[in-house]
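**Student:** Give me the fold of what follows.
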Amino acid sequence: MDPVPCYAANVRRAALALTSLYDAALAPHGLKVTQYSLLHAVKRHGRPNLTALAGATGLDRSTLGRNLRVLEAMGLVALAPGEDQRDRVAALTEAGRARLRAAAPAWTAAQHAVERVLGANAEQLTDLARRLAALPGGSEAA
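**Tutor:** Got it, this is the predicted structure:
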């Protein structure tokens, strides 16, 4: 891989490598890291409406809706009407809670693999990623 000075290119390469690592770890559980993260976000927020969940995850509503419909088709999330007819809320199903519990050790193993590579710099990665996500035009994923 060519060494390049572009911050965006380097972060994108790192993101692709991390996504591949986590996806491989979670594959035996039928999840991708994006799905695992979204299931956790729904769990953290209880029965969030899609606006709140979009804000919490940094996803735009259309991407969030597509991702939630996939999880709904898998039986891991239930979508229901919210307080008004335009609003929808998401909640984990029992199968969703069970899948998260089953996949947690695989996610933890992926975390530890990254920590072994980064050593003492692992916490800095999280801090730097959050700072970059807060750049104007970026999103701050939870």
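
**Student:** Identify the residue nearest Asn10 in space, chain neighbours excluded?
**Tutor:** Distances taken as Cβ to Cβ, 6 or more residues apart in numbering put Val4 closest to Asn10, at 6.7 Å, once the chain neighbours are dropped. Bear in mind the C-beta positions are built from the backbone N, C-alpha and C, glycine included.

**Student:** buried set for the lengthiest helix in the chain?
**Tutor:** Longest helix in the chain, counting residues (DSSP state H): helix 94-118. Burial within helix 94-118, assessed by neighbour count using 16 or more other Cβ atoms under 10 Å, is assigned to Gly96, Arg99, Leu100, Ala103, Ala106, Trp107, Ala110.

**Student:** what about dumping the CA coordinates of whichever helix or strand comes after that helix to CSV?
**Tutor:** Sequence order places helix 122-133 as the next helix or strand after helix 94-118, per DSSP states H and E. Coordinates of each C-alpha in helix 122-133 appear next as CSV, following Å, rounded to 0.1, in the frame of the first residue of the first chain:
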residue,chain,number,x,y,z
ALA,A,122,-5.6,2.4,21.9
GLU,A,123,-7.4,5.0,24.0
GLN,A,124,-5.9,7.8,21.9
LEU,A,125,-7.5,6.2,18.8
THR,A,126,-10.9,6.6,20.4
ASP,A,127,-10.2,10.2,21.4
LEU,A,128,-8.9,11.1,17.9
ALA,A,129,-11.7,9.4,16.1
ARG,A,130,-14.3,11.3,18.2
ARG,A,131,-12.5,14.6,17.5
LEU,A,132,-12.5,13.8,13.8
ALA,A,133,-16.2,12.8,13.8
